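*Asks:* how does the following fold in three dimensions:
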Amino acid sequence: MLGIFDSGVGGLSVLRAIRQQLPAEPAIFLADQAHVPYGSRSLEEVCGFSEAITHYLLSRGAKLIGVACNTASAAALHSLRQTFPEVPFVGMEPAVKPAAEGTRSGVVGVLATPATFQGALYASVVERFANGVTILQDTCPGLVAQIEAGELEAPETRAILEEALLPMLKQGIDTVVLGCTHYPFVIPLIQEIVGPGVRVIDPAPAVARQVGRLLEAHGLRHVGEVQGRMEILTSGDPLALESLLPRLLGEKAKVKQVQWHGKELRDGDF
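*Replies:* Below you'll find the predicted structure:
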């Protein structure tokens with residue numbers, strides 16, 4: 001079973017890609033909506049959440065953990081691999097490399113949370129792959145909250161994106177990197193703003209391919225015609241998340257609640 005987590009609904013963009021590419025894989029997805037957004041929290045705090053969630057998902061039978069959150073990947077991926085050396089992890093890395101390789105103008109825009117930009121992972125990717133490329137950054141304040149509320153086409157959502165993207169367009173970007181798993185849900189709006197000449201990179205399909213490679217390498221891959229079982233959990237409001245699943249995931253599912261007890265995650269009262 002795959003264990004996948006995020007601070008909120010953003011990780012559903014990764015789960016959606018996994019369900020498309022690896023339909024036979026059973027999966028359990030956990031949205032830590034009690035603590036969303038992670039992007040404005042300290043890296044130490046996010047690291048603590050990530051370790052507790054990993055403990056919980058492993059206790060539920062997960063064999064591979066997908067950290068479907070750029071902030072959690074930046075804050076915790078290294079320590080998670082040290083703490084759970086026997087567990088394969090797949091994290092999120094801002095797609096600066098393909099952006100830098102494919103840009104014609106030499107100017108790339110990156111949309112991500114403050115914690116992602118502050119992390120060593122992002123700095124390393126830029127240093128290794130963006131030599132000679134101008135990287136423009138924006139944290140899109142308020143965008144995660146809009147997506148969590150399902151406001152994908154709202155005027156306020158458009159205003160947040162225009163404030164980030166219009167100055168970048170004036171400076172010549174021809175590529176936009178989505179450095180937060182929430183952001184693929186507003187790709188149609190981003191494309192309306194930037195126009196057909198700007199490439200928008202959704203990292204989710206590449207992450208799903210990496211999950212497939214790791215499953216193969218560890219002999220864990222499920223192959224078959226039957227779609228794998230899926231379980232959706234949240235530390236927030238299960239009914240609110242349930243109502244968003246058809247739009248964000250393209251599937252309906254019953255959402256169950258988990259609860260924080262101090263620094264430990266436990267099954268809720270369902």
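*Asks:* can you list the weak-confidence ranges in this protein?
*Replies:* Within the chain, the segments meeting pLDDT under 70 span 269-270.
*Asks:* so which residue is smack in the middle of it?
*Replies:* Thr181 (2.9 Å; Cα atoms, centre = their mean).
*Asks:* mind checking how far it is from Glu93?
*Replies:* Thr181 is 12 Å from Glu93, where distance means Cβ to Cβ, to the nearest Å. The way it works is simple: take the backbone N, C-alpha and C, and place the C-beta from them, glycine included.
*Asks:* shared neighbours, the two?
*Replies:* Jointly contacting Thr181 and Glu93 under the rule Cβ atoms under 8 Å, 6 or more residues apart in numbering are Pro203.
*Asks:* for the residue nearest to the centre of the chain, what are its contacts?
*Replies:* Residues near Thr181 by Cβ under 8 Å, 6+ apart: 6, 10-11, 13-14, 68-70, 92, 203-204.
*Asks:* farthest pair in these?
*Replies:* Farthest-apart pair in the contacts of Thr181 is Asp6 and Pro203; separation 12.9 Å (Cβ to Cβ).
*Asks:* which one's more surrounded, the two?
*Replies:* It is Asp6, of Asp6 and Pro203, that has more neighbours when counted by other Cβ atoms under 10 Å, with 30 against 24.
*Asks:* show me the contacts for that one.
*Replies:* Asp6 touches 12, 14, 30-32, 68-69, 72, 181, counting by Cβ under 8 Å, 6+ apart.
*Asks:* do you have the helices of the protein handy? List them.
*Replies:* 12-21, 43-59, 70-83, 96-102, 114-118, 120-129, 143-148, 155-170, 187-194, 204-217, 238-248 (DSSP state H).
*Asks:* in the last one, what's buried?
*Replies:* To tie it back to what came earlier, the one meant is helix 238-248. Within helix 238-248, the residues scored as buried using 16 or more other Cβ atoms under 10 Å are 238, 241-242, 244-245, 248.
*Asks:* between the residues you listed, which is nearest Glu127?
*Replies:* Leu248 (33.6 Å).
*Asks:* am I right that that closest one is in contact with Gly8?
*Replies:* No - using Cβ atoms under 8 Å, Leu248 makes no contact with Gly8, being 10.4 Å away.
*Asks:* turn the helices of the chain into JSON lines, columns for distance to Val255.
*Replies:* What follows is the helices of the chain, written out as JSON lines (distance: least, Cβ to Cβ, whole Å):
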{"stretch": "helix 12-21", "distance to Val255": "11"}
{"stretch": "helix 43-59", "distance to Val255": "16"}
{"stretch": "helix 70-83", "distance to Val255": "20"}
{"stretch": "helix 96-102", "distance to Val255": "33"}
{"stretch": "helix 114-118", "distance to Val255": "26"}
{"stretch": "helix 120-129", "distance to Val255": "30"}
{"stretch": "helix 143-148", "distance to Val255": "14"}
{"stretch": "helix 155-170", "distance to Val255": "23"}
{"stretch": "helix 187-194", "distance to Val255": "24"}
{"stretch": "helix 204-217", "distance to Val255": "20"}
{"stretch": "helix 238-248", "distance to Val255": "4"}
